[in-house]
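# Structure here, sequence nowhere to be found:
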């Protein structure tokens, strides 16, 4: 039955939710709790970007970067590199490079050109690669490569906008 299956899953000590490993002890320390919450930020921010894409403004500027990061990371790099996640992860998908890290760093880089009152969001997003390692879904190299992919794509996008004379909206 469903309850038996759920009981079996819960006894494993690790649950996968939206490509984030949620360990039974994730609320046992404030550091692990913070890392778990930060690991969900790309999903929340991604939803905001797609909702915000229907209107002119700052969130709409992040949509092209989001699409390029996802195509490059999920469509190309993970398929080519085929590197498994650490054993501590509940996830079974490939881990190299970290998509959460790539998206978060790409958005953070793009947000650096936003008004100072909004730049604090970039600092929060820069903590996501650390969080992905802390919850056990990536090793340091997978998170670092993801962060570099995100920074590179954001840099290229800014250069393209500059050459086209566009603000990206």
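Here it is on my side, so go on. As the structure is a prediction and not an experimental result, all values here were calculated from the model.
# residues near residue 98, how many?
Residue 98 has 31 neighbours, counted by other Cβ atoms under 10 Å. (Glycine included, C-beta is placed from N, CA and C.)
# meant to ask about residue 59
19.
# mind checking pLDDT for the residue sitting nearest the centre point of the chain?
Residue closest to the average C-alpha location in the chain (Cα atoms, centre = their mean): residue 100, at 1.7 Å. pLDDT, residue 100: 90.
# Helix or strand: which one has it?
Assigned by DSSP states H and E, residue 100 belongs to helix 99-111.
# Just checking the distance from that helix to the centre of its chain.
How far helix 99-111 lies from its chain's middle: 7 Å, per Cα atoms, centre = their mean, to the nearest Å.
# Ok, stretch 109-117 next?
18 Å.
# what comes into contact with it?
With Cβ atoms under 8 Å, 6 or more residues apart in numbering as the test, stretch 109-117 has contacts from 58, 61-62, 65, 118-119, 121-122, 125, 150-151, 154-155, 157-158.
# Now do the helices in this protein.
2-11, 30-39, 41-52, 58-70, 78-81, 99-111, 120-125, 128-134, 140-164 (DSSP state H).
# who does the last one touch, helix- and strand-wise?
The contact analysis (3 or more Cβ pairs under 8 Å, 6 or more residues apart in numbering; DSSP states H and E) places helix 140-164 against helix 58-70, helix 99-111, helix 128-134.
# That's all I had, so thanks and see you.
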